[in-house]
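J.: next comes the sequence, and after it the predicted model I'd like to discuss.
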Amino acid sequence: MTTAKMKFTKQITIGGDMTINRLGYGAMHLTGPGMWGDPVDIDGAVRVLRRAVDLGVNFIDTADSYGPGNNEQIIRRALHPYPDDLVICTKGGLLRSGPRDWIHGEKGAPYIVPLGRPAYLRQQVEMSLRNLGLERIPLYQLHSIDPAVPLADQMGELTGLQKQGKIRHIGLSGQPGVTIDELTRAQAITNIAAIENLYNIADRSDDKTLRHAEKHNVAYIPWFPLGHGGLVGPDNVLAPIAAQYDITPSQLALAWLLRQSPATVLIPGTTSLKHLEENARAADIRFSAADMAAIRAAIDKANPRTWRPER
């Protein structure tokens, strides 16, 4: 590992006025099994959230569908009243039917059913405001574009709520991701401050969208930055590569994403204080351009299995 000559900053400004640290925290797993209900260890979840903020995390990602609602409520329980610089990103517009919706291999999974009717989005924004204890949501993302509802109606409702002071900035998410065409059409309706797409060191099929977001000053939030844990589990393909730099597989995956583009905002999730602290140290790792290329080549040679949701 060498000192990088690549341009690098630990921070990014979203929407022109929200400066955050690019290594954030994804709270999705602070729920019950299947992202349903309260976490088994509520006190442990509170400790993780509070420690994340202690470590400098000031961007936390959640959604109304995590729980549903329970994840937003645990964030409020742990951190309210919130630090002045804390940016909470929540999402709405995706339905749940039970704890098996998103479990890989389950019959019928993944259950990805968007609902973008304006009245529903309005209700969900109000519910998130209540669950989080906020008067205005810093970043609110449409969790999934509903093909049955005109995009202008979906974005128009969120824009109206923004004008009412209930939302500060608007974003888009997708499963597996928001396309350049969808982002362009949405940008014609309202300003899009961020998008959240599947992307990680092993699955870089969204490279073009990432570069487009970077060019147009749109924050790019990779979901599954650790490959749903598959890149850092037992016998993972990153271990021998990470060992060359004397770092852990998760630190390798996160540090690589931070250097891949100045537009990335990372939201690794964990229920472990040890792993949380380990992940936080990734922000201080520097890779040179040669390191980045060598890591890419090693990953491509290892050809790890990846997963992308199919509706």
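T.: Good, I have the coordinates. Residues are numbered from 1 along each chain as shown.
J.: now the helices for this protein?
T.: Assigned helices in the chain, in chain order: 42-54, 70-79, 118-132, 151-163, 180-187, 207-215, 239-243, 249-260, 273-280, 289-302 (criterion: DSSP state H).
J.: quick one: buried residues of the last one?
T.: Within helix 289-302, the residues that qualify as buried by neighbour count (16 or more other CB atoms under 10 Å) are 291-292, 295, 299. Every C-beta, even on glycine, is put in place using the N, C-alpha and C of the backbone.
J.: next: the fourth one.
T.: Judged by neighbour count (16+ other CB under 10 Å), helix 151-163 contains these buried residues: 151, 154-155, 157-159, 161-162.
J.: quick one: mean pLDDT for it?
T.: Helix 151-163 shows an average pLDDT of 98 in the prediction.
J.: give me the helices and strands touching it, please.
T.: Counting contacts by 3 or more CB pairs under 8 Å, 6 or more residues apart in numbering; DSSP states H and E, helix 151-163 packs against helix 118-132, strand 137-142, strand 167-173, helix 180-187.
J.: pLDDT weak spots in the stretch 101-250 of the chain?
T.: For the stretch 101-250 of the chain, applying pLDDT under 70 flags the ranges 228-229.
J.: one more time with 80, if that's ok
T.: Counting by pLDDT under 80, the low-confidence segments of the stretch 101-250 of the chain come to 228-230, 233-234.
J.: and R296, what's its pLDDT?
T.: pLDDT for R296: 95.
J.: got the contact list for it?
T.: Taking CB atoms under 8 Å, 6 or more residues apart in numbering as the contact definition, R296 lies against nothing.
J.: surely P68 is in contact with G98?
T.: No - taking contact to mean CB atoms under 8 Å, the distance of 10.5 Å between P68 and G98 leaves them out of contact.
J.: who are the contact partners of the residue nearest to C89 when sequence neighbours are not counted?
T.: The shortest distance from C89 to any residue other than its chain neighbours is 4.0 Å, reached at L139 (CB to CB, 6 or more residues apart in numbering). When contacts are counted by CB under 8 Å, 6+ apart, L139 touches 14-15, 18, 87-90, 168-171, 193-194.
J.: distance of the closest residue to R117 other than its chain neighbours relative to L142?
T.: Counting by CB to CB, 6+ apart, R117 lies nearest to V149, which is 5.8 Å off, once chain neighbours are set aside. Applying CB to CB, to the nearest Å, the value for V149 to L142 is 10 Å.
J.: of those two, who's got more company?
T.: Set V149 next to L142 and count neighbours by other CB atoms under 10 Å: L142 wins out with 27 against 18.
J.: how about the nearest residue to the more buried one, chain neighbours excluded?
T.: Leaving aside its sequence neighbours, L142 sits nearest to G93 (CB to CB, 6+ apart; 5.0 Å).
J.: and the one you found, what is it in contact with?
T.: Residues in contact with G93 (CB under 8 Å, 6+ apart) are 114-116, 120-121, 124, 142-144, 146, 154.
J.: again, but for Q124
T.: Going by CB under 8 Å, 6+ apart, Q124 touches 64, 92-93.
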